[in-house]
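Chemist: sequence? don't have it. structure:
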């Protein structure tokens, strides 16, 4: 970190342009694009602005003063001296490449934009990796053996399939969870995956709602699929496959939207009642769209519930910010899947993907 003997280049150009009389602006633009201004060594630099952590184009204070004098002489107008901001500091300074033509200057600026984009992408992926740590540790902290109590062993009235059991690394790997979260997870985790399918020509019309619940104490999936009766006549197919009739984890229930919402809320409330000391997590693949629908429905989630987006968790796994759809993610990991774009099926497979990502991440960490 160095004291500011530099000015941000865009700030200097902005100040000169703002001060310049209107009848001289064209001449100023020509000067700023000329070799006299651009092709000078040790005048232009790039560096990271410490306050914003972003790469910026810089001009040395001495270079700004010589530029001011050159512009004043060429335009016949006395520009005011620019003053550096003593509170602004920059790091990782390096001189700009030689810029004999304006195209080279444009490339210099574009390279800075590209560097910032790369840094933003890296920061985004690192954030997703930390989220994957939390997801994996919640799975590890949850009870790993099915209960022996007959009361706890009773499944809900939804279709269930047994979740695959895996050997998990010891809890000494738990470093990302807060003490309260670790304690709550030890009572049991309820992972609730949801998917909503809307009409491709009017996304305000919801055609299907599907959800899948995995109770860590019982090691079972509980799946539901509701199709909205008000929109039975609407069919997707031009942009998105319509597979409302291909639910494979139980019976599809046709009901009005308010009844579907009530059923989902009832399952959430039941889960919260059965595991009042446990922890709840909402799972979705591309969370933003499904979450917006749920908020619009007025769904009330258990207090303290956390959220995980499997699209982002998969990006964390591969170390790349390029997001991949549910089907491709499942295929890449050899997770069998059928009849996607059915809300019930998608919810179930999203939960399977979540558990695979969490357990695989724990395994990889244990090998490090």
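Modeler: On my side now, so go ahead. Computed from a prediction, not measured in an experiment: that's the story for all the values here. Numbering: from 1, shown residues only.

Chemist: run the chain-centre distance for stretch 38-50.
Modeler: Chain-centre distance of stretch 38-50: 33 Å, with CA atoms, centre = their mean, to the nearest Å.

Chemist: please apply the same query to stretch 322-332.
Modeler: From the chain centre to the centre of stretch 322-332 is a distance of 15 Å (CA atoms, centre = their mean).

Chemist: got a list of contacts for it?
Modeler: By CB atoms under 8 Å, 6 or more residues apart in numbering, the list of residues contacting stretch 322-332 from outside reads 285-286, 310-312, 314-315, 336-337, 340, 346, 349-350, 352-353. C-beta here means a position set from N, CA and C on the backbone, and glycine is covered the same way.

Chemist: check stretch 255-272 too.
Modeler: For stretch 255-272, the surrounding residues in contact (CB under 8 Å, 6+ apart) are 156, 158, 190, 192, 194, 206, 209, 211, 213, 215, 222, 224, 226-230, 253, 280, 297-302.

Chemist: let's see 6 Å
Modeler: Identification of contacts with stretch 255-272 by CB atoms under 6 Å, 6 or more residues apart in numbering yields 190, 209, 226, 228, 229, 297, 302.

Chemist: in CSV, list those along with pLDDT.
Modeler: Converted to CSV, these look like this (pLDDT from 0 to 100):
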residue, pLDDT
190, 85
209, 97
226, 98
228, 97
229, 97
297, 94
302, 85
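
Chemist: among those, who's most crowded?
Modeler: residue 209 (28 neighbours; other CB atoms under 10 Å).

Chemist: which ones among the contacts of stretch 255-272 lie within helices?
Modeler: Judged by DSSP state H, the subset of the contacts of stretch 255-272 located in helices is residue 297.

Chemist: which of the contacts of stretch 255-272 fall in strands?
Modeler: 190, 209, 226, 228 (DSSP state E).

Chemist: hey, what's the last one bridged with?
Modeler: Under the criterion DSSP bridges, residue 228 forms beta bridges with residue 255.

Chemist: cool, and the second one?
Modeler: On DSSP bridges, the residues paired with residue 209 through beta bridges are residue 196, residue 226.

Chemist: can you pull the contacts of it?
Modeler: Residue 209 makes contacts with 196, 226, 260, 343, as judged by CB under 6 Å, 6+ apart.

Chemist: give me the neighbour count for the third one.
Modeler: What that stands for is residue 260. Neighbours of residue 260 using other CB under 10 Å come to 23.

Chemist: equivalent analysis for the last one, please.
Modeler: By the other CB under 10 Å criterion, the neighbourhood of residue 343 contains 28 residues.

Chemist: the most centrally placed residue in the chain and residue 135, how far apart?
Modeler: The centroid of the chain falls nearest to residue 312 when counting by CA atoms, centre = their mean (5.5 Å). Using CB to CB, to the nearest Å, one gets 10 Å for the distance from residue 312 to residue 135.

Chemist: mind giving me the packing neighbours of the helix or strand harbouring residue 128?
Modeler: Using DSSP states H and E, residue 128 falls within helix 102-141. Packing partners of helix 102-141 (3 or more CB pairs under 6 Å, 6 or more residues apart in numbering; DSSP states H and E): strand 54-60, helix 179-187, helix 310-318, helix 343-367.

Chemist: elements contacting the third one?
Modeler: What it means is helix 310-318. In terms of contacts (3+ CB pairs under 6 Å, 6+ apart), helix 310-318 is packed against helix 102-141, helix 343-367.

Chemist: need the winner for burial among those helices.
Modeler: Most buried of the helices and strands packed on helix 310-318 by mean neighbour count (mean count of other CB atoms under 10 Å) is helix 343-367; its value is a mean of 22.

Chemist: so that one versus helix 310-318, what angle?
Modeler: Orientation check (axes from the mean of the first three to the mean of the last three CA atoms, to 10 degrees): helix 343-367 against helix 310-318 gives 30 degrees.

Chemist: show me what helix 343-367 is packed against.
Modeler: Judged by 3+ CB pairs under 6 Å, 6+ apart, helix 343-367 is in contact with helix 102-141, strand 189-199, strand 202-215, strand 279-284, helix 310-318.

Chemist: no further queries at this time; thank you.
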